[in-house]
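Enquirer: Fold the following, please.
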Amino acid sequence: MIKVGIFFDGKSFYHGYEDGEAASRRVDFKKLADWLVGQVGGTHLFGAFYYTGVDSEGDTSSAGLSQFLSNLERVPGYFVRRLARRSATHHCENCGATHRFSREREVDTSIVADLVRYAAVGAYDVAIVVSGDTDLVPGAEAVRDFGKQLWVASWGDRGLSSRLRQAAFATVDLTVGASFFASEGRHEHPPRTPSEHPAEDLASSEVFLEELERAEERFADGYVGVNFFVTRWRSDRLVDDPNVRRRILDQLVDDGLVEIFETEDGSRGVRIIR
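Expert: Numbers count the residues shown, from 1 in each chain. I've put the predicted structure just below:
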């Protein structure tokens with residue numbers, strides 16, 4: 001018997017899903033878990049844990065998300081980890097406006113904690129992390145130290161950190177199984193609450209370009225790597241989510257404002273077209 005534990009970063013999972021061809025379909029989470037278990041050679045599902053940020057109680061804007069999570073908990077083998085979102089503000093120097101929004105916190109650390117805790121007691125033989133975040137690398141390394149396998153599942157290469165890929169035993173491409181676990185019908189997914197939109201608004205093309213220019217100045221003797229800027233470049237002005245950053249980058253490339261190029265060492269760099 002090979003027991004499999006699945007650990008979803010909910011926000012990352014659905015950002016990748018919405019960008020793909022399966023976005024118009026409904027996810028059958030029972031079939032998704034069965035498919036993932038089969039992909040890693042497992043025989044039994046230990047548990048599928050879904051981590052997501054939620055706003056404070058009494059906030060009616062998150063009612064749709066609450067209903068989605070309640071429905072997910074009714075799927076055999078699924079467990080939801082609700083983590084409180086934290087409020088934040090951003091003052092725009094150009095227009096003088098102050099934007100208020102909320103951010104997810106502790107999702108990655110909670111996933112790492114559960115990965116290690118369950119590995120330590122032998123609850124699973126194989127772990128699957130449905131995320132591409134670099135912050136999960138310590139968890140992947142700890143799982144390996146316990147003699148377990150850790151796989152990373154993502155929608156193609158979108159938002160997948162190269163460091164996490166290297167730390168994992170192997171990867172699973174969710175786009176390959178979309179026809180199995182996504183069926184035609186009404187698209188059901190965690191609705192975005194209004195409080196999330198300002199956060200993405202801050203990651204506008206203008207801010208993205210300004211941050212890219214700052215990165216170019218920092219690496220004036222070399223180049224700005226695409227994956228580095230999308231997943232690891234730190235900025236209070238730019239939204240943290242790699243999937244959001246990637247969508248903005250793709251749009252700027254389409255608009256002819258930014259280009260992605262191959263470097264001499266075979267990597268991919270990004271630069272502003274001047």
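
Enquirer: could you say which helix or strand contains the closest residue to I273 other than its chain neighbours?
Expert: Nearest residue to I273, sequence neighbours excluded (Cβ to Cβ, 6 or more residues apart in numbering): E259, at 5.4 Å. Heads up, the C-betas are built off the backbone N, CA and C, glycines and all. In this assignment (DSSP states H and E), E259 forms part of strand 258-262.

Enquirer: Quickly run through the sheet partners of whichever helix or strand comes after that strand, with directions.
Expert: Using DSSP H and E, the helix or strand that directly follows strand 258-262 along the chain is strand 268-272. Strand pairing for strand 268-272, using DSSP bridges, gives strand 224-225 (antiparallel), strand 258-262 (antiparallel).

Enquirer: Those strands: lowest mean pLDDT?
Expert: Comparing these by mean pLDDT, the weakest confidence falls on strand 258-262, with a mean of 88.

Enquirer: who touches the residue nearest to I273 in this structure?
Expert: 253, 270-271, 273 (Cβ atoms under 8 Å, 6 or more residues apart in numbering).

Enquirer: now do D34
Expert: 45, 181.

Enquirer: Can you classify it by secondary structure?
Expert: Per DSSP: H, G, I helix; E, B strand; the rest coil, the local secondary structure of D34 is helix.

Enquirer: likewise K31?
Expert: Classified using three-state DSSP, K31 is helix.

Enquirer: Double-check it against A178; I have them as touching.
Expert: No - between K31 and A178 there is no contact under Cβ atoms under 8 Å: 10.7 Å.

Enquirer: and the strand holding E259, how far out from the chain's middle?
Expert: On the basis of Cα atoms, centre = their mean, to the nearest Å, strand 258-262 sits 23 Å off its chain's mean C-alpha point.
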